[in-house]
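1. Below is the sequence, then the predicted model.
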Amino acid sequence: MFGVILGAGCGGGVAINGHVHAGPNELGGEWGHNPLPWARPEELPGPECYCGKRGCLEKWISGTGVAWDHRQVTGRELTTREIMAANESGDPDAVSTVDRFEDRLARGLAHVINMMDPDVLVFGGGLSKVERLYLDMPKRLPQYAFGGEIATPILPAKYGDSSGVRGAAWLWPNK
Ligand SMILES: [Zn+2]
């Protein structure tokens, strides 16, 4: 499975047969610092990332990325929470911002599916609470993933948007 953390940043994790796949560099699932795929002219070269590169996925498909993108396009400074609330009430600018977020998320996840075709995608982090993702992403993924038909289930994390923190706590021994 591929776990997607859409929070202040954008992270990920790979589990195979119930075990975390870290890899020799402990980079397994670290997709947030891959570049945004199929970047459009207006998305290039992309915002600078703290990792030293430009246009990292994390700069687009995270809470901070969504707020930045909304400000770039509308000139209005809103928090991600305010943008998501405005989206729910049908504000056209906020709906467009979430449309762009979903399209970029689909592009990022199409790469994941093409490479490892996980049995399931699990969304965590604050943006995993955006309900329309679970309706829209199954329609958006086939636009980018190879083959045109994608059956990958997309589920919210079982223990809510802070499941990543919960998982990290499990790494400490229970004394
Ligand atoms: Zn980066």
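-> In hand now; what should we look at? Model, not experiment: these values are computed from the prediction. Residues are numbered from 1 along each chain as shown.
2. Over to Phe123. Which of the three states is it?
-> With DSSP: H, G, I helix; E, B strand; the rest coil as the basis, the three-state label of Phe123 is strand.
3. Give the bridge partners for it, please.
-> Val4, Pro156 (DSSP bridges).
4. Contact residues of the chain facing the ion?
-> 33, 49, 51, 53, 56 (Cβ under 5 Å from the ion). All C-beta spots, glycine's among them, are computed from the backbone N, C-alpha and C.
5. Can I get the lowest-mean-pLDDT helix or strand in the chain in CSV, CA atoms only?
-> The helix or strand of the chain with the poorest confidence is helix 163-169; it has a mean of 85 (mean pLDDT, DSSP states H and E). C-alpha atoms of helix 163-169 as CSV (Å, rounded to 0.1, in the frame of the first residue of the first chain):
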residue,chain,number,x,y,z
SER,A,163,-2.8,8.6,11.9
GLY,A,164,0.8,9.4,10.9
VAL,A,165,1.6,10.8,14.3
ARG,A,166,-0.1,7.8,15.9
GLY,A,167,2.0,5.5,13.7
ALA,A,168,5.2,7.3,14.8
ALA,A,169,4.3,6.9,18.5
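6. List the buried residues for it?
-> 163-164, 167 (16 or more other Cβ atoms under 10 Å).
7. Pull the residues that contact that helix.
-> Here helix 163-169 makes contact (Cβ atoms under 8 Å, 6 or more residues apart in numbering) with 3, 5, 7, 11, 124-125, 157, 159.
8. What's the ChimeraX line that selects buried ones from these?
-> Selection of the buried residues among the contacts of helix 163-169 in ChimeraX, burial being defined by 16+ other Cβ under 10 Å:
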select :3,5,7,11,124,125,157
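9. and which of the contacts of helix 163-169 is nearest the ion?
-> Gly11 (11.4 Å; Cβ to the ion).
10. helix/strand/coil for the closest one?
-> strand.
11. Also Ala8?
-> Applying three-state DSSP: Ala8 is coil.
12. thinking again about what came up before, by neighbours, which of the residues of the chain next to the ion wins?
-> Within the residues of the chain next to the ion, Cys56 tops the neighbour count with 25 neighbours, counted by other Cβ atoms under 10 Å.
13. Now do the nearest residue to it once chain neighbours are set aside, the pLDDT please.
-> With sequence-adjacent residues excluded and distances taken as Cβ to Cβ, 6 or more residues apart in numbering, Cys56 is closest to Cys49, at 4.1 Å. Here the pLDDT value assigned to Cys49 is 97.
14. which residues sit in contact with Cys49?
-> Per Cβ under 8 Å, 6+ apart, neighbours of Cys49: 33, 55-56, 58-59.
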